[in-house]
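Participant: Sequence first, then the predicted structure, then my questions.
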Amino acid sequence: MVRRLAFFVSRSRRLSRGLRLLEVGKAPQAFSLFAKLANAGMPEAAYRVGQCYLSGQGTAASLEEGARWTYRAAEAGIPEASFTLATLFAMGVPEGFDPSLSVAGGAGLYDHARAEAVDTYQPDFVQARFWAEKSATAGHVEAQALLGHIFNHGPEGIQDRQAARHWYGESVRGGSMQGALGLGLILLDDAEDESQQAQAVELLQRAADEGDLGLASAAMGWIYEHGASGQGRDAYRAAAYYLKAAEQDIPSAQARYGLMLLKGVGVEEANAIRAESWLRKAAYGGDAEAAALLGDLYIRGEELFRRPMEAARWYEFAAEQQHTPAARALAVLYLTGTGVPRDERKAAFWFNHAAMLGDHLADADLGNLVLAGVARPDEEQRSLQQRLRRQAEGGNPLGAFNLGVCLAQGVGGVPDEAKAFYWLGLARDGVVNAQYWYGRMLFEGRGVAQDMQAGLTWMDKAARKGLPEACVSVAQMLVTGQVDGVKDHARALELYQTAADEGLTEAYFSLGAMYGGGHDIQPDLPKARDYFEEAAQRGHGLSQMMFGRYLLKGLGGPRDEEQARYWLQQAADQDVEQAQELLDGFSGMSSHERQEGETGS
């Protein structure tokens, strides 16, 4: 008996000596000592061997070997080992990994992990729960908190809200700050009265202030930012908690604190440079909202930060994580060629991505691209029409308008102008574009009996609200007297100007034509020349021909033979026949005739 007692005392002393060796930095010697004791059957030493493998102290780090030796200690009833094993299973181990195999199979202590070890690590909540319960029932406080977490966040077959509250509560009574965080978050969700809200806030504040837990600080930041759970709004306290959590690498808190710095809320003053730094950290941590905010900053922020290429990169990062506004913003960048090469197909792809995430405006943008001739797969067009139909049938006027346009143009199926007219009619009172399309179909007799006067009335409603396409259409009718012979060139001029102010190229050409003479307004050739030049610069073929003609003849400004040739050639390249005729005639003129030019229009 004395010898046996001496043996155990000796092993205990050697274990203590190993721990001291670790403390003074002699990890290899400590590991060697732990290994000998573990092989001699000492569970506490097996636990220490497992810890060395897990932390890479005194030996090469190996999760598998660490788990196997921790398993041996846990099987012997050491609560700390059971807790560690539960943590490993909750965090993730190679699929199908069994920590008992090396012990049963007689694998050596110094065997390295298998070369063919699986790279994919997956949580095993069944095993995590088993070992956490073993440690928790033995009174291990942090295991109790972990068990609460497993019951709260595990898969469907394991989740048990009441069990989670029980074990979180047990850990809180034992002084666990992790337990206070977990129970506080549950109470925050489930609170039914002010007393429960106060209890939730108290627990979270303890976890943040006493436990210094980043997630708790982030939660307190959210509470004070939004004035939740009976607390008044306090931007400064919110910012302070967000900063504390941000410094502990909580991406969501980094994003919120960065936004507060950007807006100057809860801080002494706005600081875009610090804001950008925190947003970047959050984005690198995987926070999609931070990435989208960086995109906004780089595309619309101060001059210092305007870098469209960076904006596109961060919008794409956020969009790939299903951030809807970022997907639509990226589509716009591709559509306009801002920060990326202009690419309508990629624009359509990202508009479709945003639409699939529920952005109805992206549905409309995608529809406009398809109508403009951007090729999209038939299945995508059908899906677009189906989404628009659901919106329309749900009473969404914009959805009804877009569905009507798709049906009119045959996007996503066979054209059906009668149904298109029906849906446009439902949308006409709430959507200006629908008034224009509804009037246009009445005017042309598409899907309904032709009624030019009623069609003009509806298009005029849209024109009076400033819709550029409607302005041009109505102005053209007022110029030609197409409806009942009614002409009003003065109002037509106003409508063309409204459309031009909105950037519609065709309107610039029409203004040039009206000021060029032959209408019931005072001719103004310099104005006409300016409007033709504006439209020509925008690629309008007829305007290029007219501007070249004005340059050739010296109308409304100086004659410029070289520029005239250039613009006439641009128009001819767009198959404008008159431009080619002018070029051919110009080439046949004598030098004297070219110098004389022409004075008439």
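Facilitator: Done, it's in.
Participant: for this structure, what spans make up the strands?
Facilitator: Taking DSSP state E, the strands of the chain run over residues 93-94, 121-122.
Participant: So which residue is smack in the middle of this protein?
Facilitator: What sits nearest the mean C-alpha location of the chain, by Cα atoms, centre = their mean, is His323, with 2.5 Å.
Participant: Now do that residue against Val265, distance only.
Facilitator: Note on His323: its distance to Val265, by Cβ to Cβ, to the nearest Å, is 22 Å. In short, each C-beta sits where N, CA and C put it, glycine included.
Participant: cool, and Ala240?
Facilitator: According to Cβ to Cβ, Ala240 stands 13 Å off from Val265.
Participant: same check, this time on Pro558
Facilitator: 57 Å.
Participant: Compare neighbour counts for the two and give me the winner.
Facilitator: Using other Cβ atoms under 10 Å as the criterion, Pro558 and Val265 rank with Val265 on top: 14 against 7.
Participant: check contacts around that one.
Facilitator: Each residue near Val265 by Cβ atoms under 8 Å, 6 or more residues apart in numbering is listed here: Ala235, Ala239.
Participant: mind redoing it with 7 Å?
Facilitator: For Val265, the contacting residues are Ala235, by Cβ atoms under 7 Å, 6 or more residues apart in numbering.
Participant: Over to it: give its phi and psi.
Facilitator: Note on Val265: its backbone torsions stand at phi -110, psi 130 [degrees, to the nearest 10].
Participant: what pLDDT does it get?
Facilitator: Note for Val265: predicted pLDDT of 94.
Participant: Check Ile521 too.
Facilitator: Ile521 carries a pLDDT value of 92.
Participant: And for Leu146?
Facilitator: Leu146 is assigned 94 on the pLDDT scale.
Participant: Now it. Nearest residue, chain neighbours left out?
Facilitator: Spatial nearest neighbour of Leu146, excluding adjacent residues (Cβ to Cβ, 6 or more residues apart in numbering): Ala132 at 5.0 Å.
Participant: Number of residues surrounding the residue lying closest to Ala499 once chain neighbours are set aside?
Facilitator: Leaving aside its sequence neighbours, Ala499 sits nearest to Ala507 (Cβ to Cβ, 6+ apart; 3.6 Å). Residues lying near Ala507 (other Cβ under 10 Å) number 25.
Participant: same thing with Leu22?
Facilitator: 21.
Participant: cool, the one 4 residues further on as well?
Facilitator: Other residues lying near Lys26 total 15 when counted by other Cβ under 10 Å.
Participant: Angles on the backbone of it, please.
Facilitator: Dihedral angles of Lys26 (phi, psi; degrees, to the nearest 10) stand at phi -100, psi 60.
Participant: Gly50 versus that one, what's the distance?
Facilitator: Relative to Gly50, Lys26 is positioned 19 Å away (Cβ to Cβ).
Participant: ranges for the helices of the stretch 401-550 of the chain?
Facilitator: For the stretch 401-550 of the chain, the helices defined by DSSP state H, counting those that start in this stretch occupy 417-427, 432-444, 452-464, 468-480, 489-501, 505-515, 525-537, 541-553.
Participant: Would you mind giving the ones you listed as a markdown table with distance to Ala86 and mean pLDDT added?
Facilitator: Output for these, formatted as a markdown table (distance: least, Cβ to Cβ, whole Å; pLDDT from 0 to 100):
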| stretch | distance to Ala86 | mean pLDDT |
| --- | --- | --- |
| helix 417-427 | 59 | 91 |
| helix 432-444 | 60 | 91 |
| helix 452-464 | 67 | 94 |
| helix 468-480 | 66 | 93 |
| helix 489-501 | 69 | 94 |
| helix 505-515 | 68 | 94 |
| helix 525-537 | 71 | 93 |
| helix 541-553 | 74 | 93 |
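Participant: of all these, which lies closest to Pro251?
Facilitator: The closest of the helices of the stretch 401-550 of the chain to Pro251 is helix 432-444. By Cβ to Cβ, the value is 40.8 Å.
Participant: who does that closest one touch, helix- and strand-wise?
Facilitator: Where contact means 3 or more Cβ pairs under 7 Å, 6 or more residues apart in numbering; DSSP states H and E, helix 432-444 is packed against helix 397-409, helix 417-427, helix 452-464.
Participant: which other helices and strands contact the second one?
Facilitator: Same thing as helix 417-427. If contacts are counted by 3+ Cβ pairs under 7 Å, 6+ apart, helix 417-427 sits against helix 397-409, helix 432-444.
Participant: likewise the first one?
Facilitator: Other elements packing on helix 397-409 under the criterion 3+ Cβ pairs under 7 Å, 6+ apart are helix 360-371, helix 378-393, helix 417-427, helix 432-444.
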